[in-house]
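Asker: Sequence and predicted structure, then a few things I'm wondering about:
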Amino acid sequence: MTPKQEAFARSAVETGNYAEAYRRHYKTDGWSDGAVWNEASRLAKHPEVSLLMQQLRQEAQEKHEVTIDTITKMLKEDHELARSLDQPSAAVSASMGLAKLHGLIVDKVRASVSREPDDLSDADLAAIATGSRTTPSAQARSSQDSDTVH
């Protein structure tokens with residue numbers, strides 16, 4: 001494992017954000033957010049990096065003695081307290097936390113493609129075919145977006 005990979009793994013566990021960790025340790029100037037996310041996700045799946053992140057998470061969990069079981073217990077206690085204090089909003093919040101913790105509720109992310117394949121230039125198609133991180137037109141749009149004052 002390279003020093004950069006190790007630094008990425010440590011930052012990824014620290015921040016909980018692969019893209020942020022990747023930006024901290026690799027040059028990403030001019031990259032789209034999607035390109036950074038793709039590379040960070042790919043790096044996080046590298047066997048040595050993935051193993052180190054798993055070990056670091058385990059150490060943090062042991063250090064803080066936090067497990068799914070302890071969080072479940074706390075949320076159940078919070079739910080009971082909220083009900084006893086006649087605070088339905090807090091009870092619902094605790095219930096939702098339990099459901100998310102146990103995978104019963106999953107936040108959905110919607111992705112959409114803004115262009116049809118027929119609308120892509122030859123340069124864009126060539127970039128996609130060669131596995132480039134971004135297409136020439138996406139780089140141009142990203143450059144224009146960074147020049148725009150919001």
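Answerer: That came through, no problem.
Asker: Which segments of the protein make up each domain?
Answerer: Each domain of the chain is listed here as a residue range: 1-65, 67-111, 118-150, per automatic domain parsing.
Asker: Identify the residue spatially nearest to Met96, adjacent ones excluded.
Answerer: Closest residue in space to Met96, ignoring its immediate chain neighbours: Ile105 at 6.7 Å, by C-beta to C-beta, 6 or more residues apart in numbering. C-beta here means a position set from N, CA and C on the backbone, and glycine is covered the same way.
Asker: Can you give me the neighbour number for the one you found?
Answerer: 13 (other C-beta atoms under 10 Å).
Asker: Now do it against Ala126, distance only.
Answerer: 42 Å (C-beta to C-beta, to the nearest Å).
Asker: coming back round to it: I'd like the domains of the chain laid out as CSV, including mean pLDDT.
Answerer: What follows is the domains of the chain, written out as CSV (pLDDT from 0 to 100):
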stretch, mean pLDDT
domain 1-65, 93
domain 67-111, 90
domain 118-150, 63
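Asker: Could you single out the most deeply buried of those domains?
Answerer: Neighbour counts (mean count of other C-beta atoms under 10 Å) averaged over each of these peak at domain 1-65, with a mean of 15.
Asker: Distance check, the one residue sitting closest to the centre of the chain against Ala44.
Answerer: Nearest to the mean C-alpha position of the chain, counting by C-alpha atoms, centre = their mean, stands Asn17 at 4.9 Å. Look at Asn17 and Ala44: by C-beta to C-beta, they are 11 Å apart.
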